Each structure stands twice: as structure tokens, then as C-alpha cells.
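>>> Next come a sequence and a model predicted from it.
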Amino acid sequence: MRGENALCLCCSIPCLLTLFIWMGLSLQNYKPNCYIEDFYVPALNKHINSTATTAANFIFFDLKLQNVMEDNDGHKKTAHRRDVVLTHGVNWDDAFAAVLNGSKVVFRVDLAGKVKLKRFFSYSRTKALVVGADVEVDGSGNKVRRKAIKLKSGRSGKPKLQLEAGGSFISSF
């Protein structure tokens, strides 16, 4: 009888240890990956022959959010958020002159928001999500990179202009 208890204890300790390690790993906080899929600035499109082009003070963008939590029903699912941002105080004449010369204009895109993670049958506390990236725009008004641009944590400097659109922040240098 005493040998059975020792055997049971020897088997239960590794099982409990494995269970605690699995639970600890599954409770890690994985924030979604964020990408800029499309970015269009009509004021920098030099192919549109109109003086109203530089007066078009708005930016179109498509933000892709990808779930990376492995122990979640929505693993690898994506969501897109498309929006238009109205700009104020941007010197579009200088930016348009730069793209006419063949240069590129760099915009800083920052996203700040809050994320709740679903774990098993409940939600975690709200976690801050602050990511950003630089987006180069050419004379077509579109972003230069064909692939999606991943927004990463950390900032590369203070923006000169910051625009807000429903929880997403867009800023340009």
C-alpha cells in the first residue's frame, strides 16, 4: 500500500509541473501584429493634373490586425480597419515639390490603443498597445513598399504633426 502512494506521488508531481508550465505559457500576453497594408496621400499624386490636389488634405490608410495567440480560437485571424484622416497644418506645397523632384516623403504612423485578451472563459486586463513605423510615399501618392509595413514598438523620434483617427494616430515629419 505504501509503495502505491509513493508511485502515485512520483507520477503526480511531473504531471502538475507540466500543467503549471503549460498554463504559464498559455497565459502570456501576445499583442496583435499590426501592419499598414495601404497608404494613399492624394495631395502627393503628381499624375492628377489639378490645383485642387494639394488642397486635398486627407490620407487614406488600411490597417491590418493579426491575432498571434496560439491558444485562442481566433489564432491567425485578421481584421482590417480602413479610415480617412483629415490633416491640418501640413505644408503640402513643399511635400508636393519634393515628390516632383523625384524624392520621397516620409510619414510617421503611430498606433496607440488598448487590447483585451481572451483566455479560456474570461478576458485579461486591458493592455496598452503602442506601435509605429515610417511610411515612404512617392509621386503616385502611394506607399513605396509593395509589402505591408509592420508597426513595431518604440519611436524613431518626435513627429512634427500628429493626426488622430478613432484611436489610431498618424504623424508626419
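Now that the structure is in, tell me what you want to look at. Numbers count the residues shown, from 1 in each chain.

>>> what about the helices in the protein?
Under the criterion DSSP state H, helices of the chain are mapped to 2-26, 92-100.

>>> how near is residue 150 to residue 104?
Using C-beta to C-beta, to the nearest Å, residue 150 is found at 19 Å from residue 104. In this view, the C-beta of every residue, glycine as well, is placed from N, C-alpha and C.

>>> what about this structure, any weak spots by pLDDT?
1-11, 15-17, 19-29, 49-55, 71-73, 119-120, 154-173 (pLDDT under 70).

>>> List the buried residues in stretch 39-46.
By neighbour count with 16 or more other C-beta atoms under 10 Å, stretch 39-46 contains the buried residues 39, 40, 41, 42, 43, 44, 45.

>>> and if you look at stretch 126-134?
129, 131, 132, 133.

>>> tell me the two of those that are most distant?
The distance between the two most remote of the buried residues of stretch 126-134 (C-beta to C-beta) is 13.8 Å, for 129 and 133.

>>> Can you pull the residues that touch both of those two?
Residues touching both residue 129 and residue 133 by C-beta atoms under 8 Å, 6 or more residues apart in numbering: none at all.

>>> residue contacts, residue 123?
116, 117.

>>> That one and residue 115: what is the separation?
10 Å.

>>> for residue 128, same thing?
8 Å.

>>> who's residue 111 bridged to?
residue 131, residue 168 (DSSP bridges).

>>> re the thing from before, residue 99: which of the buried residues of stretch 126-134 is nearest?
residue 133 (19.8 Å).

>>> Is it correct that that closest one is in contact with residue 33?
No - using C-beta atoms under 8 Å as the test, residue 133 is too far from residue 33 to be in contact (11.9 Å).

>>> between these two, what contacts are shared?
residue 150.

>>> returning to what we had before: in TSV: the buried residues of stretch 126-134, plus distance to residue 67.
Below are the buried residues of stretch 126-134 laid out as TSV (distance: C-beta to C-beta, whole Å):
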residue	distance to residue 67
129	13
131	15
132	20
133	19
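
>>> just curious, which of those residues is nearest to residue 61?
Of all these, residue 61 sits closest to residue 133, with 11.6 Å by C-beta to C-beta.

>>> roughly how far apart are that closest one and residue 103?
Distance from residue 133 to residue 103, by C-beta to C-beta: 19 Å.

>>> Repeat that for residue 82.
From residue 82 to residue 103 the distance is 28 Å (C-beta to C-beta).
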